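*Asks:* what's the 3D shape of this:
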Amino acid sequence: MDSMQGSLFHKSSVEQAIKAYLPARAIQTIAGAMSSHASMATKLLSDESARDVFLVMEYELLKRDAGAELLQGARQ
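*Replies:* Predicted coordinates for the structure are as follows:
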């Protein structure tokens, strides 16, 4: 979201946002996430060295309980 969109978002009511720009932006975001996640999943399933790196990263995140920080940040 650029600064102009951010400004419009913060000045809009829920009804205004849902009727105006939010649905298209949400669909755009969902489609982008679906595409990038599918690409990443394909890479991890087909490339053992990439999967090994991912597993080490996941282990380190779990060990440091980084998931709790990510969830807390997302909720703010």
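*Asks:* What average pLDDT does the longest helix anywhere in the chain get?
*Replies:* What stands out as the longest helix in the chain, according to DSSP state H, is helix 22-46. Helix 22-46 shows a mean pLDDT of 88 in the predicted model.
*Asks:* Just give me how far it sits from the chain centre.
*Replies:* With C-alpha atoms, centre = their mean, to the nearest Å as the basis, helix 22-46 stands 9 Å off its chain's centre.
*Asks:* So which other helices or strands are in contact with the helix or strand following it?
*Replies:* For helix 22-46, the following helix or strand on the C-terminal side (DSSP states H and E) is helix 48-63. Here helix 48-63 touches helix 22-46, going by 3 or more C-beta pairs under 8 Å, 6 or more residues apart in numbering; DSSP states H and E. Using the backbone N, CA and C atoms, a C-beta is placed for each residue, glycine as well.
*Asks:* hang on, the earlier thing: against which helices or strands is the longest helix of the chain packed?
*Replies:* On a contact count with 3+ C-beta pairs under 8 Å, 6+ apart, helix 22-46 meets helix 48-63.
*Asks:* Alpha carbons only: can I get the helix it packs on in PDB?
*Replies:* C-alpha atoms of helix 48-63 as PDB (Å, rounded to 0.1, in the frame of the first residue of the first chain):
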ATOM      1  CA  GLU A  48      16.400 -31.400  -1.500                       C
ATOM      2  CA  SER A  49      19.100 -28.800  -0.700                       C
ATOM      3  CA  ALA A  50      16.500 -26.000  -0.600                       C
ATOM      4  CA  ARG A  51      14.400 -28.100   1.700                       C
ATOM      5  CA  ASP A  52      17.400 -28.700   4.000                       C
ATOM      6  CA  VAL A  53      18.000 -25.000   4.300                       C
ATOM      7  CA  PHE A  54      14.300 -24.400   5.000                       C
ATOM      8  CA  LEU A  55      14.300 -27.100   7.700                       C
ATOM      9  CA  VAL A  56      17.300 -25.600   9.400                       C
ATOM     10  CA  MET A  57      15.600 -22.200   9.300                       C
ATOM     11  CA  GLU A  58      12.300 -23.600  10.600                       C
ATOM     12  CA  TYR A  59      14.200 -25.400  13.400                       C
ATOM     13  CA  GLU A  60      15.900 -22.100  14.500                       C
ATOM     14  CA  LEU A  61      12.700 -20.200  14.400                       C
ATOM     15  CA  LEU A  62      10.900 -22.800  16.600                       C
ATOM     16  CA  LYS A  63      13.900 -23.000  18.900                       C
END
